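# A structural model of the following input is requested.
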Amino acid sequence: MALAGVRVVEFGGLAPVPFAGMILADYGATVIRIDRPQSQDMPAADFLARGKRSIALDVRTPEGLATAKDLISKADVLLDPYRPGVLEKLGLGPEVFLGGAGGGGRNERLVYARLAGFEPTGPNREFAGHDINYLAASGVLSILPKLADGTPSFPLNIVSDFAGGSHACVQGVLLALIERGRSGVGQVVSADMVSGARYVSSFILAPSQMADESTLYINGKSLLGGDAPFYSVYACKGSSGFISVGCLEPKFFKSFLGILQAHLPDGFDGGGGYVPTERGQMDLDRWEEMRRYFEAAFKTRTRDDWARIFDAKDACVFPVLTPAEAAARRNEDVPAPHPNLDRTPANPPVGGFATLQPGLHSREILSEIGYSREKVAQLLEAGIVRAVNTGSKL
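Predicted structure coming up:
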């Protein structure tokens with residue numbers, strides 16, 4: 001596998017960093033999650049733990065801190081999910097491992113990856129937040145499709161948390177590992193979800209920085225943001241589901257319109273006598289009429305009927321599948337690691353998503369970094385480390 005031999009230490013956190021760790025594990029990295037011993041009695045709520053191991057360790061104690069330093073000193077990558085400054089206060093800041101300007105760190109090859117919400121050097125760096133707040137700060141939320149009252153809609157927590165957060169963090173880790181192959185030294189990778197959301201949204205943010213906005217906007221109307229009736233989602237007959245339409249280019253619009261109108265019932269009236277034509281695609285003054293026509297048209301048949309009609313046609317139409325339908329279409333239970341590598345493929349996601357009981361692998365992890373049985377027993381007895389099936393320490 002592509003990341004075989006890469007050793008990662010991940011501090012347990014919320015979704016973005018766990019997903020980054022899971023990506024690395026899926027492609028062969030050895031990922032060890034450091035959990036708090038207080039949470040050892042129950043599986044963590046994190047269900048993005050596939051392929052990882054856990055040590056439950058109290059890093060707030062001198063012995064626990066020393067153990068964490070030993071563990072990280074043997075790692076290639078550290079994943080930090082906390083707000084800026086938290087690991088520094090614990091005594092686990094970058095300088096401990098990477099050293100200062102003159103070197104002297106405990107692990108100068110370490111890729112020290114940090115994933116924050118707001119920009120770590122910005123005025124909001126100490127603020128609590130979630131994806132929707134980071135999306136708001138990025139400028140992206142304001143231009144997403146609007147609800148009926150003009151309020152911006154938002155795509156769950158995909159853009160900031162995972163695209164701009166997890167994936168940006170992993171990209172930074174991989175770039176730093178490649179560079180380390182040349183220089184022999186690691187570095188700090190600093191990612192935040194506001195900056196990441198802006199970067200992955202470059203295509204839709206670009207027109208606001210350019211004099212010519214014609215690629216995405218026409219006279220203030222958004223081609224991709226819900227204004228264009230030929231780039232939208234429509235309800236079908238009854239409660240049968242929805243259909244997506246994305247025929248932006250004239251040739252696809254022509255194909256779409258011809259197929260749609262050929263399968264409407266005799267005497268169909270979309271309302272007001274309006275009938276869209278190929279030449280009228282960009283007649284903005286009639287877009288609302290066109291939308292009403294399409295709404296009425298798609299309600300004449302079920303989603304599956306329309307799917308069969310448009311199947312294998314170059315019209316940019318596809319049914320909106322449920323998660324279960326999409327999984328069945330791909331013959332997979334859960335999303336598979338992506339992209340595919342032909343020589344060094346990822347681990348198949350056997351078992352699907354997974355939680356991980358804190359401390360499940362504490363003994364073996366400590367043994368791997370050279371701790372004797374006696375030292376492990378002392379840490380367990382003191383409650384600094386917790387492990388599954390340790391009698392009174394359960």
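
# hey, where'd the helices end up in the stretch 1-150 of the chain?
16-26, 62-73, 86-90, 94-98, 131-138 (DSSP state H, counting those that start in this stretch).

# how close does residue 152 get to residue 28?
For residue 152, the distance to residue 28 equals 40 Å [CB to CB, to the nearest Å]. (Each C-beta comes from the backbone N, C-alpha and C, glycine too.)

# same check, this time on residue 227
Taking CB to CB, one finds residue 227 at 45 Å from residue 28.

# contacting residues around the spatially closest residue to residue 348 that is not a sequence neighbour?
Closest residue to residue 348 apart from its sequence neighbours, by CB to CB, 6 or more residues apart in numbering: residue 336 at 7.2 Å. Shown in contact with residue 336 (CB atoms under 8 Å, 6 or more residues apart in numbering): 330, 346, 348, 349.

# same question for residue 276.
Contacts of residue 276 (CB under 8 Å, 6+ apart): 257, 286, 289, 290, 293, 294.

# would you turn the residues you listed into JSON lines with distance to residue 59, secondary structure and pLDDT?
Listed next are these as JSON lines, based on distance: CB to CB, whole Å; DSSP: H, G, I helix; E, B strand; the rest coil; pLDDT from 0 to 100:
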{"residue": "257", "distance to residue 59": "63", "secondary structure": "helix", "pLDDT": "98"}
{"residue": "286", "distance to residue 59": "64", "secondary structure": "helix", "pLDDT": "95"}
{"residue": "289", "distance to residue 59": "64", "secondary structure": "helix", "pLDDT": "96"}
{"residue": "290", "distance to residue 59": "61", "secondary structure": "helix", "pLDDT": "97"}
{"residue": "293", "distance to residue 59": "63", "secondary structure": "helix", "pLDDT": "97"}
{"residue": "294", "distance to residue 59": "58", "secondary structure": "helix", "pLDDT": "98"}
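
# if we only consider the residues you listed, which is nearest to residue 135?
Distance to residue 135 across the contacts of residue 276 (CB to CB) is lowest for residue 294, with 29.0 Å.

# isn't that closest one up against residue 245?
Yes. The pair formed by residue 294 and residue 245 meets the contact definition of CB atoms under 8 Å, at 7.2 Å.

# and for the two, which residues touch both?
Common contacts of residue 294 and residue 245, defined by CB under 8 Å, 6+ apart, comprise 230, 232, 234.

# which one is the first one nearest to, not counting chain neighbours?
Read that as residue 230. residue 247 (5.0 Å).

# ditto for residue 15
In space, residue 15 is closest to residue 161, 5.7 Å off (CB to CB, 6+ apart).

# in a strand, that neighbour, correct?
No. Counting by DSSP: H, G, I helix; E, B strand; the rest coil, one finds residue 161 to be helix, located in no strand.

# how near is it to residue 356?
20 Å.

# is the residue nearest to residue 230 in contact with residue 313, as I believe?
No. Counting by CB under 8 Å, residue 247 stays clear of residue 313, with 10.5 Å between them.

# between the two, which one's more packed in?
residue 247 (21 against 13; other CB atoms under 10 Å).

# if I pick the more buried one, what's in contact with it?
Per CB under 8 Å, 6+ apart, neighbours of residue 247: 230, 231, 253, 255, 256, 315, 316, 317.

# domains of this structure?
Domain ranges of the chain: 7-200+335-393, 221-235+242-319, per automatic domain parsing.

# quick check: most distant residue from the centroid of the protein.
residue 267 (47.4 Å; CA atoms, centre = their mean).

# relative to residue 17, how far out is that residue?
For residue 267 relative to residue 17 (CB to CB), the value is 59 Å.

# and if you look at residue 186?
18 Å.
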